[in-house]
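Trainee: what would the 3D arrangement of this be:
(chains A and B)
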Amino acid sequence: MTDPYLAEGLPQPVPSPDGLDAPYWQGLREEKILLQRCSACGDWQWGPEWICHHCHSDAVGFAEVPGEGRIYSYERVWHPVHPALKEQGPYVVVLVELPAAGNVRVVGNLLGDPEAEVVIGSAVQAVFEHHAEAELPFTLLQWERVTIPS
Amino acid sequence: MSGATLRGSVCVAGVGETDYYKRGQAPDAEGKLALKAILAACEDAGISPKDVDGFASFSNDRNDPSRLAAALGCRELRFANMQWGGGGGGGSAAVAHAAAAIHGGLADCVVVFRALAQGQFGRFGQGPRRNTIAGDAAHTVPYGLMSPAQMFAMKVVRFMHDHGVEQSALRSISLAAYHHAQNNPRAVMYGRPLDEATYDESRWIVEPFHLYDCCLENDGAAAMVMVSAERAQEFAHKPCYLLGAVSGSHYRAGAGVHNTPDYASSSFPSLAPRLYEMAGIKPADVDVLQSYENFTGGVLMSLVEHGFCAADACNEFFVKERFLAPGGDLPLNTSGGNLAECYMHGLGLIIEAARQIRGESTNPVPDAEVSMTISGPMVTPVSACIFGTEATL
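Mentor: Numbering: from 1, shown residues only, chains lettered A, B, ... in the order given. Take a look at the predicted model:
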């Protein structure tokens, strides 16, 4: 069990009412990263779509991706724009590309000291942040450095 | 190519705006602000508001053209247009649509407008207040990525990383805007100059954006009246012709969860060549430039993608002096723009571009013949337009 990176009180994610991303959120609850992969052509895509943008097949399934990523970009946020973050202080959002899934990207937080250097291109490892006590339990996909910069 | 073009087909007959206010300080409701701006633009044109027969806007403006036409007593409504999505990226698109409607015979006199009272309807710069969130936002908001500044900063971080761009490049954009605002009595930041030290010492909003890299949040409205170029000589002001206007975005710019393939981009790589082709000009012909600054980093990438500067030469190119009217190589955001005049979702920039052609800017660029506006970087769709004097036709 990991302590939440950000203070509690932000809007909590729920699957979209049309079900498009429901397997993704269910997968995180089970500590699996499930992203879209076309059953017809094998292409990966994220965010989720109803059809494959490459071959237009609607046989778009979800496949498991290992929790190994690379920092594509990041930002260090200082100014809170939500009351829940008023006392948070700086925090780091990372955009992580997943080489095992055609370099599609996911957004998360980079765990650890928010003021430490962040290196674009460096390796990160997935961490599943469970919010089991929420009225509609959910899990966030967070990231930690594989090697801490000196 | 069909050879079809908007070049020289329409002109700007009039421009107008309400007073501009800090958010929450407008004495009027948003709908009244819209009407006042439209009346001001019609008065500037010398056109009766009852002769307006079309409206074009963007970013889900709340002021329905049917209601505006009823309130203004327009004899007939022939064109009611809204650009989908893209926030301020729709500004020049609304100009393009108005021009296309006139050129195509759908309407004769189209008002491009935007009214925005963030005090009345909520601030753009705040995150959502609700218990749960679904859809694309569910993949970002729970990680504290929820405001426009936060949505765009990662694009700019990656661009600056790839090309070794320093903070001073962003600072030059902000300093130029505040410099110009000091000559513009309409500007919310009139009388509030900004210097290097104040910028450097200002707090971070989200790296790489200091406070002064971010647009304002305002109340007000702006409008522009467009008619066929055949009527350009009817008006009291020096004619201002549309040379080109385009909108759109590059391949899969709308891919969810920050997955657009060309990520570190202002979304203009596919548009800029189309714009220049329609207008029949090249970047070196541009005398004065308005470039939408939701955040300075978007201006940085916009200028690169429009061919004003190589991506790897930004540190040398982005210096304040270059951007100052009247003497700089490329006077930029000469009203103070979204950073220092007013955040009217970028329509103020387009009005300023027209004023430069007329010679009526508060920071006039001498002999400006070609005046360009870039609307709404980093979103999708974006847009851009170019005005010219009679001599450019």
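Trainee: which stretches in chain A count as strands?
Mentor: A:12-13, A:33-38, A:44-45, A:60-65, A:68-77, A:91-98, A:104-109, A:123-131, A:138-145 (DSSP state E).
Trainee: kindly apply the preceding question to the stretch 251-393 of chain B instead.
Mentor: With DSSP state E, counting those that start in this stretch as the criterion, the stretch 251-393 of chain B has strands at B:288-291, B:370-375, B:382-388.
Trainee: can you list contacts of the shortest one?
Mentor: Right, strand B:288-291. The list of residues contacting strand B:288-291 from outside it, by CB atoms under 8 Å, 6 or more residues apart in numbering or on different chains, reads B:298-299, B:302-303, B:308, B:325, B:330-335, B:337, B:349-350, B:352-353, B:356, B:365, B:368, B:370-374, B:377. C-betas here are computed from N, CA, C, even on glycine.
Trainee: picking that back up, now for the strands of the stretch 251-393 of chain B, which one comes closest to residue B:35?
Mentor: With respect to residue B:35, and counting by CB to CB, the nearest of these is strand B:370-375 at 23.5 Å.
Trainee: helices or strands up against the closest one?
Mentor: When contacts are defined as 3 or more CB pairs under 8 Å, 6 or more residues apart in numbering or on different chains; DSSP states H and E, strand B:370-375 packs onto helix B:91-103, strand B:288-291, helix B:347-358, strand B:382-388.
Trainee: can you give me the angle the third one makes with helix B:91-103?
Mentor: In other words, helix B:347-358. Taking axes from the mean of the first three to the mean of the last three CA atoms, to 10 degrees, one finds helix B:347-358 and helix B:91-103 inclined to each other by 60 degrees.
Trainee: can you read off the pLDDT for the residue in chain A that chain B sits nearest to?
Mentor: Distance from chain B to each residue of chain A (CB to the nearest CB) is smallest for residue A:47, at 2.2 Å. As predicted, residue A:47 sits at a pLDDT of 97.
Trainee: so who does it touch?
Mentor: A:21, B:136, B:139, B:255, B:256, B:257, B:259.
Trainee: the second one against residue B:257, yeah?
Mentor: Yes: taking CB atoms under 8 Å as the definition, residue B:136 is a contact partner of residue B:257 at 6.4 Å.
Trainee: quick one, which of these two is more surrounded?
Mentor: The neighbour count for residue B:136 versus residue B:257, taken as other CB atoms under 10 Å in any protein chain shown, is higher for residue B:257 (21 against 18).
Trainee: please name the nearest non-neighbouring residue to the more buried one.
Mentor: In space, residue B:257 comes closest to residue A:47 once its chain neighbours are excluded; the distance is 4.1 Å by CB to CB, 6 or more residues apart in numbering or on different chains.
Trainee: residue B:375 and chain A, how far apart?
Mentor: Noted for residue B:375: a distance of 24 Å to chain A, by CB to the nearest CB, to the nearest Å.
Trainee: which residues does that residue form beta bridges with?
Mentor: Residue B:375 has these beta-bridge partners by DSSP bridges: residue B:383.
Trainee: neighbours around it, how many?
Mentor: Around residue B:375 there are 35 other residues, counting by other CB under 10 Å.
Trainee: thought it was touching residue B:298?
Mentor: No: when contacts are counted by CB under 8 Å, residue B:375 is not listed as touching residue B:298 (10.6 Å).
Trainee: overlap in contacts of the two?
Mentor: By CB under 8 Å, 6+ apart, residue B:375 and residue B:298 have these common neighbours: residue B:292.
Trainee: residue B:267: which of the strands of the stretch 251-393 of chain B is closest?
Mentor: The nearest among these, by CB to CB, is strand B:382-388 at 4.5 Å.
Trainee: what is the burial count for residue 5?
Mentor: Looking at chain A here, since you left the chain open. Using other CB under 10 Å: residue A:5 sits among 21 other residues.
Trainee: the chain in question should be chain B.
Mentor: By the criterion of other CB under 10 Å, residue B:5 has 15 neighbours.
Trainee: pull the number of nearby residues for the nearest residue to it once chain neighbours are set aside.
Mentor: Nearest non-adjacent residue to residue B:5, counting by CB to CB, 6+ apart: residue B:278, 5.3 Å away. Per other CB under 10 Å, the neighbour tally for residue B:278 reads 20.
Trainee: give me the phi and psi for the residue nearest to residue B:257.
Mentor: Per-residue torsions, residue A:47: phi -60, psi 170 (degrees, to the nearest 10).
Trainee: how close does it get to residue B:146?
Mentor: Distance of residue A:47 to residue B:146, given as CB to CB, to the nearest Å: 16 Å.
Trainee: now swap in residue B:349 and tell me
Mentor: According to CB to CB, residue B:349 and residue B:146 sit 26 Å apart.
Trainee: so which of the two has more stuff around it?
Mentor: More neighbours surround residue B:349 than the other of residue B:349 and residue B:146, with 29 against 23 (other CB under 10 Å).
Trainee: wait, doesn't that one sit right on residue B:335?
Mentor: Yes: between residue B:349 and residue B:335 there is a contact at 7.2 Å, judged by CB under 8 Å.
Trainee: residues touching residue B:204, list them.
Mentor: So residue B:204 contacts A:76, A:78, A:79, B:210, B:211 (CB under 8 Å, 6+ apart).
Trainee: most neighbours, which of the residues you listed?
Mentor: Of these, with other CB under 10 Å as the count, residue B:210 tops at 22 neighbours.
Trainee: what's opposite that one in the beta bridge?
Mentor: Residue B:210 forms beta bridges with residue B:204, as assigned by DSSP bridges.
Trainee: how about the residues of the stretch 151-300 of chain B by chain A?
Mentor: Residues of the stretch 151-300 of chain B lying close to chain A (CB under 8 Å from any CB of the partner chain) are B:153-155, B:157-158, B:161, B:203-207, B:252, B:255-259, B:263-264.
Trainee: and the residue of chain B that's closest to chain A?
Mentor: For chain B, CB to the nearest CB, closest residue to chain A: residue B:256, 2.2 Å.
Trainee: residue B:345 and residue B:116 touch, don't they?
Mentor: Yes: with contact defined as CB under 8 Å, residue B:345 reaches residue B:116; the gap is 5.7 Å.
Trainee: not counting its neighbours along the chain, what's nearest residue B:38?
Mentor: Of all residues not flanking residue B:38 in the chain, residue B:223 sits nearest, at 4.6 Å (CB to CB, 6+ apart).
Trainee: scratch that, residue A:34
Mentor: Using CB to CB, 6+ apart, the closest residue to residue A:34 is residue A:27 (3.4 Å).
Trainee: near that neighbour, how many other residues are there?
Mentor: The local packing of residue A:27 (other CB under 10 Å) involves 19 other residues.
Trainee: find the least confident helix or strand in chain B, judged by mean pLDDT.
Mentor: When the helices and strands of chain B are compared on mean pLDDT, DSSP states H and E, helix B:118-121 comes out lowest with a mean of 84.
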